[in-house]
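# The amino acid sequence is not available; the structure is as follows:
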């Protein structure tokens, strides 16, 4: 059990570092860097904890992005920065690069190398499985970040006491 917790903390730490890296790349203010790291850490922890408990990666990504979206709005008002500063960098490391890579690799193998009919059917299955997983993760990240910003109006957020 301790091994699982340490592994979750490790991948969460690297999620925070990746979020901080994207924040630096996007030139966020120095006062927001620690907050972006913590949000990236928490988003990674939520996502990978849910995946560990056999929740699908799409739902885990949605809940982690929704957490980032909910927390970033009051933090933005408290630290006097736009909410995008806190909501976008922690979500970028959750973009499904693995599924995109596997989709493209399956497409390339299907088109250029494979001539056996049974293996071509397996490649078609891999193309659609990985492609739709990638698509739904991207949609869940978008909805997870955008929905709290649409639901929480500026006036109601300022009434939240952090």
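Looks like it came in fine. Bear in mind the structure is a predicted one, so any value in this text is a computation, not a measurement.
# how close does the spatially most central residue of the chain sit to residue 107?
Of all residues in the chain, the one closest to the mean position by CA atoms, centre = their mean is residue 94, 2.8 Å from it. Counting by CB to CB, to the nearest Å, the separation of residue 94 from residue 107 is 23 Å. C-beta coordinates here come from the backbone N, C-alpha and C atoms, glycine included.
# before we move on, what about residue 144?
Distance from residue 144 to residue 107, by CB to CB: 28 Å.
# okay, the two: which has more neighbours?
Under the criterion of other CB atoms under 10 Å, the comparison of residue 144 against residue 107 puts residue 144 first, with 23 against 16.
# quick one, what contacts that one?
61-69, 91 (CB atoms under 8 Å, 6 or more residues apart in numbering).
# Against residue 123, how distant is it?
Residue 144 is 31 Å from residue 123, by CB to CB.
# in the chain, which helix or strand is least confident?
helix 154-158 (a mean of 58; mean pLDDT, DSSP states H and E).
# now this protein, which segments are flagged as low pLDDT?
Applying pLDDT under 70 to the chain flags residues 153-162.
# ranges for the helices of it?
2-25, 33-52, 57-79, 83-87, 97-108, 117-151, 154-158 (DSSP state H).
# Let me know whether residue 69 touches residue 142 as I believe.
No. Using CB atoms under 8 Å, residue 69 is not in contact with residue 142, being 10.2 Å away.
# re earlier: next up, the contacts around the residue nearest to the centre of the chain.
15, 43-44, 47, 61, 64-65, 137, 141.
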